[in-house]
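Q: Quick one: sequence plus predicted model below, questions after.
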Amino acid sequence: MKKRSPDEEMLDAAGAARFLGVKPATLYAYVSRGLVRSRARGEGRERQYLRADLARLKAGRRRRAADGPGLSGALHWGEPVLESAITRITPEGPAYRGRLATDLARSGASFEAVAELLWSGSLPDEPPVWSGDDLGVEPAALSRLLEAASPPLVSLSLLLPAPGARDPARCDVEPAAVLRRARTTIRRMAAALAIPAAPRRIAAALDAGGVARGVAIAAHGSRDRDLVRAIEQALVLLADHELNVSAFAARVAASAGADLYGCLTAALAALSGPKHGGHVERVEALIGEIGTPDRARTIVHERARRGEHVPGFGHPLYPGGDPRAEPLFASAKALAPRHPRVRTIFALVEAMREAGRPPPTIDAGLVAITTALGLPHGSGVALFAVGRSAGWVAHVLEQYDAGFLIRPRAIHRDGEART
């Protein structure tokens, strides 16, 4: 039998972790990012890891260390930079404190319960009830700064800093104080979605008895059970996704000792960018460009010919498909199978599949479900912000507890100044 070369040698998980000098959880993170390949061993669930990949990764880490404190490339996409016990990325999607988000969503877990799981590590037996009696600021004051056509996300950008200016205890970073503030703030965020177009709904949204109900009333003016259930599912699937850009922004602010309002404002600013939460708005724009289901194939082929990316498709962490998208598509199909725009979304998914292009992400799933629910344009990214706020708070708490300042170094690059 031909002996394998060292590059073809396979190691089990324990051996691979020892080779890299990391914990097994970090090894799995490398695998989820495509930095290390794994193969099934026999018919069980045990995996083996290619030594060549491990050696290449280890050599890259040594080169970065040799570069000195600049750590060249250490903050590029997909490179682990912090340890966290909150969420692990798996091929089945994110696992919140060891619980798959897709399982939690399908089980009917409330968003509040999942948030408490992220914050404490324990899933409550009964859905928690959070307080939130007012918006923390006069709604009319925010309304005057907005147009009726302003996207809902803008109202959140205005809301978050305002209560902080009136909160004398905002700098108290003890976990109990932060959590009290977080529960109230997230309830307010849900209600604030009504500010641009229907501020009269704010009081009812605050009195709704839950975040998903608050979103339903604020964005749609309805308490319909199917509507609330679909929003709840989306919020749970969005609650956290490890060190995404917005969560990292929240952690950087928290590492400097910023209060919760400041940390959430930093996270929301990051989410608003076109390369993060803005992907959802780009999918909405694409569906408008396609117009009718019969044009989906044409648009896909035109984009491929021009070498353009199709927004809402292809997630680097899930080359086999984003597991969070499937439940949202299933709900959209069940709720509004004949809705013209929903049919266009599904036609786009099919056209991408036929063309051998990447599968859809949660961004496309969000557009499908918000369209099926009849929510206003821009609701997808706003729903994203409300759901992801649970994860932002978890990361803020973890960073407060870690106690160190996140302060990367730059490698000075010589060159002529540009005018």
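A: Yep, it's here. Numbers count the residues shown, from 1 in each chain.
Q: Give me the nearest residue to residue 314, chain neighbours excluded.
A: Spatial nearest neighbour of residue 314, excluding adjacent residues (CB to CB, 6 or more residues apart in numbering): residue 358 at 3.0 Å. C-beta coordinates here come from the backbone N, C-alpha and C atoms, glycine included.
Q: what's the neighbour count on the one you found?
A: When neighbours are counted by other CB atoms under 10 Å, residue 358 registers 20.
Q: Could you tell me the per-residue confidence at it?
A: Predicted confidence (pLDDT) for residue 358: 93.
Q: Ok, residue 413 next?
A: In this model, residue 413 carries a pLDDT of 69.
Q: repeat for residue 71
A: 40.
Q: before we move on, what about residue 33?
A: Confidence score, pLDDT, at residue 33: 62.
Q: now swap in residue 293 and tell me
A: 97.
Q: so it touches residue 343, yeah?
A: Yes - with contact defined as CB atoms under 8 Å, residue 293 reaches residue 343; the gap is 4.8 Å.
Q: Could you list the low-confidence segments of the protein?
A: For the chain, the stretches with pLDDT under 70 are 1-8, 32-34, 42-45, 60-80, 413-419.
Q: show me where it has strands.
A: For the chain, strands defined by DSSP state E occupy the ranges 10-12, 38-40, 47-50, 87-90, 93-96, 99-100.
Q: could you say what helices and strands the last one packs with?
A: What that stands for is strand 99-100. For strand 99-100, there is no helix or strand it packs on, judged by 3 or more CB pairs under 8 Å, 6 or more residues apart in numbering; DSSP states H and E.
Q: Kindly recompute the last result at 10 Å.
A: On a contact count with 3 or more CB pairs under 10 Å, 6 or more residues apart in numbering; DSSP states H and E, strand 99-100 meets strand 87-90, helix 101-107, helix 111-120.
Q: what's the answer for the fourth one, then?
A: Strand 87-90 is packed against helix 24-32, strand 93-96, strand 99-100, helix 379-402, with contacts defined by 3+ CB pairs under 10 Å, 6+ apart.
Q: circling back to that earlier point, distance of the residue nearest to residue 314 from residue 102?
A: Residue 358 is 19 Å from residue 102, where distance means CB to CB, to the nearest Å.
Q: Look up how far residue 18 lies from residue 54.
A: Applying CB to CB to residue 54 and residue 18 gives a distance of 10 Å.
Q: more crowded one of the two?
A: Between residue 54 and residue 18, counted using other CB under 10 Å, the more crowded position is residue 54 (22 against 13).
Q: tell me the contacts of the nearest residue to that one once chain neighbours are set aside?
A: The shortest distance from residue 54 to any non-neighbouring residue, by CB to CB, 6+ apart, is to residue 19 (5.1 Å). Going by CB atoms under 10 Å, 6 or more residues apart in numbering, residue 19 touches 11, 27, 49, 51, 54-55, 57-58.
Q: For ChimeraX, write the selection for the buried entries among the residues you listed.
A: For the buried members of the contacts of residue 19, the matching ChimeraX selection, counting by 16 or more other CB atoms under 10 Å, is:
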select :11,27,49,51,54,57
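Q: Closest one to residue 257 out of the contacts of residue 19, please.
A: residue 27 (32.7 Å; CB to CB).
Q: Quick check, that closest one in contact with residue 88.
A: No - using CB atoms under 10 Å, residue 27 and residue 88 do not qualify as a contacting pair, with a distance of 11.4 Å.
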